[in-house]
Structures are given as structure tokens and as C-alpha cells.
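Trainee: All I have is the shape, not the residue letters:
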């Protein structure tokens, strides 16, 4: 009997389907040991040796694996092929006390029968360089986290934590916000013209030149200037003076790496980086399709490589030729090479494991989110082997012949050949212009002045923050999702109404503290150099102990110095003119877990606190409990309405919007739209007596708009809307 050990039970079930009875596949269920949670766990005096321990939750798993290992002739460690996976195999080898003679390391980029059998034919030893690189990263992050966090507790408040890479991400978010706050809007105007040709075809244009001089973005500064131009440009004779046509060829996009998949999934599907990686993991480990057969649908999803295997390229080209025709197939096989120096080209880009598994054919086996992400990956990958899309761009110039010459421009674009767009859809829109001739007269029908204001750079979204981190060499494919989720979980960053990142007061304060006193920790170049150092350890070019030592000694020296120098009050308190209404002392502005507030300077004798004025706004409503004025407040989860007499009265108004739909369960309450920390949901107004709830907006019955529409197929579930396009699905999970 041979034993194969993987990380996840799902992966184990998928692989077991491909192997015969002589193989047993078991899962370690992730990491089997780690540094202790309660202490540093690193011997700083003895070459930074880590003190690993097995969590109690893993004792049963380890016991079972040891029993299986004793019975096995050969043990195959089949964890993921990255640094983290290599480290898990190394830990398993040590915990299970495996003999190197009958222990082999295998790895694969996809969970298919071909890939698994090929991996078993080509086993290797555990790569100690990859293990050292992962261990160095873990130790580095532990030192920063466990040494810097207590400093933040002493100087700000307990519960705060610092992270090496996350602190850089917070700095980016804070600096973008500060840049936005300093931004001064500038007014400018543009002028649109609507022309008619002899065939009565409407031509939409923009004014681009006056007397041959291009109008810059801020060229027309105010309404007065705009109206003077429109007044002068009316009642003139216009004709077409120039027509420029050119062909534009658009190449297919590269296949997905981890970062580009996360960016596209955020932009196109609205997924966070964490959601994307969770769904991608499910697709990689295997989905139950076709006669209860667990099948891995995509290759490994933590990669910075753009390489595509020869097997995939051949299969994709055959598929294109068969399903779309020879005219869509690129003559030569198109290959891609990543720009990243650290990318491992032996790895692969994220692609479908089996090209023949067309997304629509297996949609019934996938959840809506799995289907959307798989479709995105399938289309992007297959499109790499298709021909360029060809567009014809037309630029028409319309001018008058008077002393003051006004030049209007009309632009059009037509897809001549859709090429890879046939598979990988984009937002490219056609704008067709009529057949026009130079010298042809046109009539000015309408002029419109439009006011604009310059805008600051947008806040970071999941996609743009990951792109910024990648471009600056911060983090690696396996860390992007945890970076974006961690800075939110720690309360340093929150999402605005557009799901973009904005810093909290605590985030600003911690960032300011780190920037002033621990510049290296939040320095982008310093962090990028650390990442490059870890890459060099993985490549066997650098030893991990001297690498850690070079970082730790100056860091520890600076930490000890700052611990003495930095005064808590200078960081967390600001003077104010506010007077305490309980003892008459001056109040100071302090910062706490949920932002800034007033506190009495006479603390601890007087413990009076109250919110800052800017955080409260009176509304035209009285508290139903005590009769005091209700106010609009802002808390951890956004805007809410509460009694101004807090803390004496703790009434909070629950925001609810009545849909007018009768609750189908109790038949007494109505379905109301409610807000929770997880977003909007729909529940019965008769709660807690009735606990009926839906996470999606219900579809009204066509005949009776006071009822939710029942599913016409299963007759059990209810119909609800989902996705950006308001598609409809049944709430009954057993109904497809």
C-alpha cells in the first residue's frame, strides 16, 4: 500500500478517483504545526531557531497519518507546489518521522488523472531552499508582529497589531486618502456639437480646436467663456474638412496570474480578493461533475507565471479550430513570458485543466460564483490562441470657414473582425458613422456646454491595490488576498459605499506612528528588497539566518529606543476648547477603537466622554423611549440613528424598508429590507416571532404583488434576484 498526503479533504477525494486500490489518499487539513500563538516562539539568541508546535486540533489528524504511514510502502507528500506547500511537506516529514528512503515529494499544477500519474512517475526530494524561504518569511512576520504590536498597545491602546506587508498596504491607502483631501477641484467646460448631414444623419461631435489650436483639458475655464464660444460658433457654415481612417489590431490578453485574476474578478464580477481565492481553490481541488466524478477544473491558483503547457496549447488550438473555425485560430502558437523576475516559469498560469469542459456545459454542477469565475478563466485562457481583433477607427473633422475657425471632431469605431473577442468579451462598443466625404456640407443643429470638475485619484479598490502592491514588489501571489482582508479585519481600513478602501482614524494614527518612528517597516522599497531577499533564499542564493539577522538587529535597537522616547499622550490626545459638562475641566480629543471622541482631562476622577460634533447630526425625530432628540451617527459598520441621550438611553433605530410583500411563512408580517454587518437582507417584520429571511431581493408574483413568486419548477423554493444583471434563481439549493 502507498500513502499520498495532500492538504485538503476535497483534494484527497479528487485524487483518490484517479488512483488504484494500492493507493490511500489522506489530508493533513492544512498546516500541521506552526509557531505558538501565546508567545514569540523564536529563539533570538540561537540563530532565530523557531519553536514549532502542533495545535491540539491537529492531534487526531497526526495520529491517523502516523498509523497510515506505518502501513505504507511509499509515502508521497503531494502538497501544493509553492513555498507554503513545500514547508507543509517538510513539517509532515518531521512530525511523522518519515524515512527518506521511502518518502517522496510529488507536485502538480492541475488535479487531473494525467497530471497525477505523471507526478507519481517523477518524484523528487523536498526542496530545502523553498522551505527556508517560507520559514524566513514566517519568522520575519512573527518578529514584526509580536515585537511591534505590544509597542502599539502601550502607545495607543490594547488590541492593535502590526504586520510587515499589511502596514505598507495601509500606508498606500492612507496616502491616497490624504492626497484626495488635499486635492483642489478645478472647474472646466467642454462643448458638444450635434450636426446633420444631407441624409439627415445625426453626427455627435466635441469641440477640439479653435483657430487650429488644441483645447486643453482646462482650456475653457468657466461658463462665461463656454457661452461666448457657443454664441460665436452658431449660425456658421460648416463642412467636413478631414477624414482619417486607421486599422487598429488588438492582441489577446495574457493568461491569468494570481494578481490579474484577482483584479479582473474584482472589476468584472465584484469579488473581493479573498472571495476569488476561495472560489478558485474550490475549482482547483475538484467539483462533483458527471456521474459523481470529482474533477479539478483549473490549475493551481497561486502563481505569478504566464507559462502555458504544451498539452493545453494543443488542446486549446484544436478546440478553437473545431468550434470557431480556422479563421479564428492564430497561425503560430502564442506563448507568454512574465515580466516578474521572481516568477517560476516551471509553474503555469491559471487555466482550465480540461479545455473540453466548456463553462455552459457544466454550469449545472457549479454554484453561480464558481460558474462566473470558471467562465472568466476558461475564456481568457482559450482566447490566448485566437487571432487579433481588428477595428477600423474613423476620425472626422468638421470646421467653419470664418475668421475664427472652430474644429469639431466625431469619432467612430467598427469591429472589422472580432478575433479573440469571439470568446473573451470586452466592453468595446461600436460607434458607426455614416459614409461621409471631405468637403461635404453639414448643418449645426445644437450646441451644448457641459460643466466638469477635475477629480482626485480614486480610492483603491481590491483590483487597484493588488496591482499597486504587485508593481512595487510587495507581497507575492499567496499573500495578496490575506493582505486586503487583514487590513479590514484589523480595523485600519474600511470600505466606502463603492466597496473601495478608505482609512479609519485608527489606521491613520497607526500609519503616522509607524512612518515617524519605524520608517523601514512601511517603506515600499525596503519591503520590496525584503521580498527579493526571500526570493534569493528560495533560489539557494542566500542563507536565511544572516538575512533575518541583518533585519532584526537594527529593528530591535530602534524599538528599544522608541519605547523610551515616544509618549502616549502626544500620539493619542489633542487639546480642545470643549468643557466637560460634569466637572468643568477641559476635554481632550482621544482616539479609540471606533475613532476619535472627547474625554475629560480630569480622568480617572471624571470618566465623562462624548462623541465629536462632526460624528453626530440631529434628525427630525424624537427617541420613542426617552423623548430626547435622535441623531445620525457613524460607527464601525457605517451610518446609524441613535438617541442623543446616550449612554443613559441606548436606543438605536433599526433601518428597515417595507417591500409591501407579505411574509410567506407567518402570513402576518411584511418582508422588510434590513441592514446588517454583512450587507442588505430581507426578513419578516414580525421578527423574532418569525425568523423568515432571504439574502437576495425577492421576486414579486406577477399576479399578486403582495406575494413572493414561488419557483415554477420545484414548487418549494422562492424566486430571488442575484448578480449585477438581476438574474433570477430559486432559493431551494436542491433545485437547479
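Mentor: Structure received. Please read these numbers as outputs of a predicted model, since none were measured by experiment.

Trainee: Not including adjacent chain positions, what is the nearest residue to residue 602?
Mentor: residue 585 (4.0 Å; C-beta to C-beta, 6 or more residues apart in numbering). (Glycine included, C-beta is placed from N, CA and C.)

Trainee: so what pLDDT did residue 74 get?
Mentor: Looking at residue 74, its pLDDT is 96.

Trainee: Same question for residue 635.
Mentor: In this model, residue 635 is scored at 60, pLDDT.

Trainee: quick revisit: my read: the residue nearest to residue 602 touches residue 600, true?
Mentor: Yes - counting by C-beta atoms under 8 Å, residue 585 does reach residue 600; the two are 5.5 Å apart.

Trainee: Identify the contacts common to those two.
Mentor: residue 606 (C-beta atoms under 8 Å, 6 or more residues apart in numbering).

Trainee: Comparing these two, which shows the higher neighbour count?
Mentor: residue 600 (24 against 15; other C-beta atoms under 10 Å).

Trainee: quick one: that one and residue 589 touch, right?
Mentor: No - using C-beta under 8 Å, residue 600 is not in contact with residue 589; the gap is 11.7 Å.

Trainee: Quick check: next helix or strand after whichever strand or helix holds residue 143?
Mentor: Secondary structure from DSSP states H and E places residue 143 in helix 128-155. Next helix or strand after helix 128-155 toward the C-terminus (DSSP H and E): helix 164-182.

Trainee: for the helix holding residue 143, the distance to its chain's centre please.
Mentor: Relative to the centre of its chain, helix 128-155 is centred 24 Å away, using C-alpha atoms, centre = their mean, to the nearest Å.

Trainee: now swap in stretch 425-439 and tell me
Mentor: Distance, centroid of stretch 425-439 to centroid of chain: 35 Å (C-alpha atoms, centre = their mean).

Trainee: next one: stretch 729-736
Mentor: That offset, for stretch 729-736, works out to 28 Å (C-alpha atoms, centre = their mean).

Trainee: what comes up buried for that stretch?
Mentor: Residues of stretch 729-736 classed as buried by neighbour count (16 or more other C-beta atoms under 10 Å): 729, 730, 731.

Trainee: What does residue 224 show for phi and psi?
Mentor: phi -60, psi -50 (degrees, to the nearest 10).

Trainee: now do residue 493
Mentor: According to degrees, to the nearest 10, residue 493 has phi -140, psi 150.

Trainee: What about the residue lying closest to it once chain neighbours are set aside, how many residues nearby?
Mentor: Excluding the flanking residues, the one nearest residue 493 by C-beta to C-beta, 6+ apart is residue 487, at 4.5 Å. Using other C-beta under 10 Å, residue 487 has 25 other residues around it.

Trainee: got it, and the one 10 residues further on?
Mentor: Here the neighbour count serves as a burial measure; for residue 497 (other C-beta under 10 Å) it reads 7.

Trainee: That one: what secondary structure?
Mentor: coil (DSSP: H, G, I helix; E, B strand; the rest coil).

Trainee: distance of it from residue 122?
Mentor: Distance, residue 497 to residue 122, using C-beta to C-beta, to the nearest Å: 52 Å.

Trainee: Could you do residue 383 as well?
Mentor: In terms of C-beta to C-beta, residue 383 sits 31 Å off from residue 122.

Trainee: And residue 657, by the same measure?
Mentor: 60 Å.

Trainee: what do you get for residue 408?
Mentor: Noted for residue 408: a distance of 66 Å to residue 122, by C-beta to C-beta.

Trainee: try residue 686
Mentor: For residue 686, the distance to residue 122 - C-beta to C-beta - is 64 Å.

Trainee: For stretch 542-549, which residues meet the burial criterion?
Mentor: By neighbour count on 16+ other C-beta under 10 Å, the buried set for stretch 542-549 is 542, 544, 547, 548.

Trainee: swap in stretch 379-393?
Mentor: 379, 380, 381, 382, 383, 384, 385, 386, 387, 389, 390, 391.

Trainee: Ok, stretch 121-136 next?
Mentor: Per 16+ other C-beta under 10 Å, stretch 121-136 contains these buried residues: 126, 127, 129, 130, 131, 132, 133, 134, 135, 136.

Trainee: As a check, name the ranges of all helices in the stretch 1-150 of the chain.
Mentor: 9-16, 59-71, 83-95, 113-121, 128-155 (DSSP state H, counting those that start in this stretch).

Trainee: Now render those as TSV, adding distance to residue 438 and mean pLDDT.
Mentor: TSV is the format used below for the helices of the stretch 1-150 of the chain (distance: least, C-beta to C-beta, whole Å; pLDDT from 0 to 100):
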stretch	distance to residue 438	mean pLDDT
helix 9-16	65	91
helix 59-71	78	95
helix 83-95	63	95
helix 113-121	61	92
helix 128-155	64	94
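
Trainee: now for those, which one comes closest to residue 426?
Mentor: helix 113-121 (31.4 Å; C-beta to C-beta).

Trainee: Mind listing residues that contact that closest one?
Mentor: With C-beta under 8 Å, 6+ apart, helix 113-121 has contacts from 15, 18, 19, 76, 78, 106, 107, 108, 109, 311, 353.

Trainee: Run the angle between it and helix 9-16 for me.
Mentor: Per axes from the mean of the first three to the mean of the last three C-alpha atoms, to 10 degrees, the angle that helix 113-121 makes with helix 9-16 is 90 degrees.

Trainee: can you pull the buried residues of helix 113-121?
Mentor: 115, 116, 119, 120.

Trainee: got it, and stretch 462-476?
Mentor: 462-470, 473-476.

Trainee: Can you tell me which of these lies closest to residue 228?
Mentor: Nearest to residue 228 among those, with distances taken as C-beta to C-beta, is residue 464, at 39.6 Å.

Trainee: who does the helix or strand containing the closest one touch, helix- and strand-wise?
Mentor: Per DSSP H and E: residue 464 is located in helix 462-471. For helix 462-471, the packing partners by 3 or more C-beta pairs under 8 Å, 6 or more residues apart in numbering; DSSP states H and E come out as helix 164-182, helix 258-264, helix 480-489.

Trainee: picking up where we left off before, just the ones of the buried residues of stretch 542-549 in helices?
Mentor: Within the buried residues of stretch 542-549, residues falling in helices by DSSP state H are 544, 547, 548.

Trainee: just to revisit the earlier point, mind putting the contacts of helix 113-121 in JSON lines, neighbour count and distance to residue 414 included?
Mentor: JSON lines is the format used below for the contacts of helix 113-121 (neighbours: other C-beta atoms under 10 Å; distance: C-beta to C-beta, whole Å):
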{"residue": "15", "neighbour count": "27", "distance to residue 414": "50"}
{"residue": "18", "neighbour count": "20", "distance to residue 414": "49"}
{"residue": "19", "neighbour count": "17", "distance to residue 414": "54"}
{"residue": "76", "neighbour count": "24", "distance to residue 414": "56"}
{"residue": "78", "neighbour count": "27", "distance to residue 414": "52"}
{"residue": "106", "neighbour count": "19", "distance to residue 414": "52"}
{"residue": "107", "neighbour count": "22", "distance to residue 414": "48"}
{"residue": "108", "neighbour count": "21", "distance to residue 414": "45"}
{"residue": "109", "neighbour count": "26", "distance to residue 414": "40"}
{"residue": "311", "neighbour count": "14", "distance to residue 414": "38"}
{"residue": "353", "neighbour count": "20", "distance to residue 414": "37"}
